[in-house]
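S.K.: Predicted model follows, preceded by the sequence.
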Amino acid sequence: MNKEGLLITFEGPEGGGKTTLVKEFIKPWIQEDLGFGENAIFLREPGGTPISEEIREILLNKSHKIGIKTEVLLFQAGRAENCDEIIRPALETGKLVFIDRFGDSSIAYQGCARSVGVYNIDWLNKFSTGGIIPDVTFLLDIDPEIGLRRRDNSTEGKNRLDKENLDFHHRVREGYLSEVAGRSQGRWIVINADRPQIDVATEVMEKLEERLVLRGFLEGQISKEHER
Ligand code: TYD
C-alpha cells in the first residue's frame, strides 16, 4: 500500500499501564503540545468502529464462554474492520495512527498463550490487516505477577482474559519477548513498565520523539536532551 503515515502500537501483558499512558500522556502531548490535532488518531483493540466495539463487548464479557477458534476470529474481525474503515485511509493520507494493542496481541495471547501457533496467527493477521505492519511498537514489559496485582488494585473490573491463570499470563509475556527477540527487530522498543508511570511516560515520549524526527514528522523540535 501507499503508506505516507506512521503506525505506532502499544503492546504488553496485563497491568503494564498502556491505556493510562496513551490516554493521559501520549494523546495530549501529540495532539495538543506537538500540534498534530486531528492528524493523529487514537484507537484501541479490541474496539474502534461501531462494529468493532460490539465485537469487543462479546470478547471481553466475563459471562461468555467462547471457543478458541471463535475468539481468534473475532479479534481478527474487529481488526479487519478497523484496518479497512479507519487505519488504511488514515495512513494513506499521512496521519499518525496510535493503537493500544494490534496484531502482536493476537500473536502473544492467541498464538502463544492459547497455543494456536504463531504461524497461524501471522497468516490471519496478514489477511485481516491486508499487510499493514506497525512502524514502531512499544512493549510495556512487566512481570505478570506484578501486572496482575496492579490490575487487582485498580478500579477497572477484570475482563474475560484477565481472569486466566498466572501461567497463561506468563505465556503471554514469553510470547511477546520471543517476538521481540525473533522477528522485525527494528520496530520494537522494550520499556520496563515496573516503574512509576511518569518515568515510563518520559522514556516513551523521548523514544517516540526520536522516531518522529527520524521519519520526518517533526522538524527542529528535538528536545535539549537529544541535542546534547
Ligand atoms: P482491555 O480491557 O482493552 O485491556 P488492556 O488494558 O489489557 O489492553 O482488554 C483487552 C484484552 O484482550 C486483553 O486481555 C488482551 C486481549 N487481546 C487478545 O487476547 N488478543 C488480541 O488480539 C487483542 C487485540 C487483545
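M.R.: Nice, I can see it.
S.K.: Span of stretch 111-127 from start to end?
M.R.: Across its full length, stretch 111-127 reaches 15 Å end to end, with CA to CA, to the nearest Å as the criterion.
S.K.: right, is that stretch up against the ligand?
M.R.: No - with CB under 6 Å from any ligand atom as the measure, stretch 111-127 is seen stopping short of the ligand, the closest distance being 7.8 Å. Using the backbone N, CA and C atoms, a C-beta is placed for each residue, glycine as well.
S.K.: can you check stretch 70-88 too?
M.R.: Yes - looking at stretch 70-88 against the ligand by CB under 6 Å from any ligand atom, the contacts come from Phe75.
S.K.: Give me the contact list for that stretch.
M.R.: Where contact means CB atoms under 8 Å, 6 or more residues apart in numbering, the residues beyond stretch 70-88 that reach it are 1, 7, 41, 43, 45-49, 51-52, 55-56, 58-59, 66, 97, 99, 102-103, 105-106, 110, 114, 116, 121, 124-125, 127-130, 132.
S.K.: In the chain, which residue is most central in space?
M.R.: With the centre of the chain defined as its mean C-alpha position, the nearest residue by CA atoms, centre = their mean is Arg101, 2.5 Å away.
S.K.: Could you pull up phi and psi at that residue?
M.R.: phi 80, psi 140 (degrees, to the nearest 10).
S.K.: OK, contacts around it?
M.R.: Neighbouring residues of Arg101 by CB under 8 Å, 6+ apart: Thr9, Phe10, Glu11, Lys18, Arg44, Glu45, Pro46.
S.K.: Assign Gly94 to helix, strand or coil.
M.R.: Assigned state for Gly94: coil (three-state reduction, DSSP: H, G, I helix; E, B strand; the rest coil).
S.K.: How much space separates it from Glu209?
M.R.: If you measure Gly94 against Glu209 using CB to CB, to the nearest Å, the figure is 18 Å.
S.K.: Tell me which of the two has more neighbours.
M.R.: For Gly94 versus Glu209, the count of surrounding residues by other CB atoms under 10 Å is larger for Glu209: 20 against 12.
S.K.: Run through the bridge partners of the residue lying closest to Arg187 once chain neighbours are set aside.
M.R.: Counting by CB to CB, 6 or more residues apart in numbering, Arg187 lies nearest to Thr137, which is 5.2 Å off, once chain neighbours are set aside. For Thr137, the beta-bridge assignment (DSSP bridges) gives partners Thr9, Trp188.
S.K.: wouldn't Thr137 be in contact with Val190 here?
M.R.: No - taking CB atoms under 8 Å as the definition, Thr137 is not a contact partner of Val190, at 9.5 Å.
S.K.: Those two: who's more crowded?
M.R.: Set Thr137 next to Val190 and count neighbours by other CB under 10 Å: Thr137 wins out with 24 against 16.
S.K.: which residues does that one contact?
M.R.: Taking CB under 8 Å, 6+ apart as the criterion, Thr137 is in contact with Ile8, Thr9, Phe10, Glu11, Phe102, Asp104, Arg187, Trp188, Ile189.
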